[in-house]
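**Q** Provided below are the primary sequence and the corresponding predicted coordinates.
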Amino acid sequence: MTKQDLVNAIASSAGLTKKAAGDALEAVIGSITGELKKGNNVTITGFGTFRVSARAARTGVNPRNPSEKIKIPAMKLPAFKAGKSLKDAVR
């Protein structure tokens, strides 16, 4: 499912125009992104939790030259943990 397919599904199920549904989806995505940038978790009850995960710095191997070691810096990554209702629906 693409973003446009999701907009169409929102518009048809909520009785909105495609523009209004697209604006609503952008607002939700923007809000989640903004909170994750601040380091906060976003929990949608029954769906899941978006959170920021920290990955420690480590030493890796250059795939083009396996004898060469490279340093991979520490970074923050977005993560998602599905809620019970979503897990049960998929099973």
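**A** Received, thanks. Residues are numbered from 1 along each chain as shown.
**Q** Show me the helices in the chain, by range?
**A** 3-14, 18-38, 84-90 (DSSP state H).
**Q** Could you say which one of those helices comes nearest to residue 64?
**A** Among the helices of the chain, the nearest to residue 64 by C-beta to C-beta is helix 18-38 (33.1 Å). C-beta: built from backbone N, CA, C; applies to glycine.
**Q** Pull the residues that contact that closest one.
**A** Helix 18-38 has contacts (C-beta atoms under 8 Å, 6 or more residues apart in numbering) with 3, 6-8, 10-11, 14, 16, 41-42, 50-52, 78.
**Q** Let's see that with 10 Å instead.
**A** Contacts with helix 18-38, where a contact means C-beta atoms under 10 Å, 6 or more residues apart in numbering, come from 3-4, 6-17, 40-42, 44, 50-52, 76-79.
**Q** what's the answer for stretch 47-56, then?
**A** By C-beta under 10 Å, 6+ apart, the list of residues contacting stretch 47-56 reads 32-33, 35-44, 72-87, 89.
**Q** Quick one: distance of that stretch to the chain centre.
**A** Here stretch 47-56 is found 9 Å from its chain centre; the criterion is C-alpha atoms, centre = their mean, to the nearest Å.
**Q** In that stretch, which residues are buried?
**A** Neighbour-count burial for stretch 47-56 flags 48, 50-52 (criterion: 16 or more other C-beta atoms under 10 Å).
**Q** Relative to residue 59, which of the helices of the chain is closest?
**A** Of all the helices of the chain, it is helix 18-38 that lies closest to residue 59, at 27.6 Å by C-beta to C-beta.
**Q** buried sites along the closest one?
**A** Across helix 18-38, burial judged by 16+ other C-beta under 10 Å covers 21-22, 25, 36.
**Q** Could I get the contacting residues of the residue with the largest distance to the centre of the chain?
**A** For the chain, the residue at maximal distance from the C-alpha centroid (C-alpha atoms, centre = their mean) is residue 67, at 35.1 Å. Neighbouring residues of residue 67 by C-beta under 10 Å, 6+ apart: residue 61.
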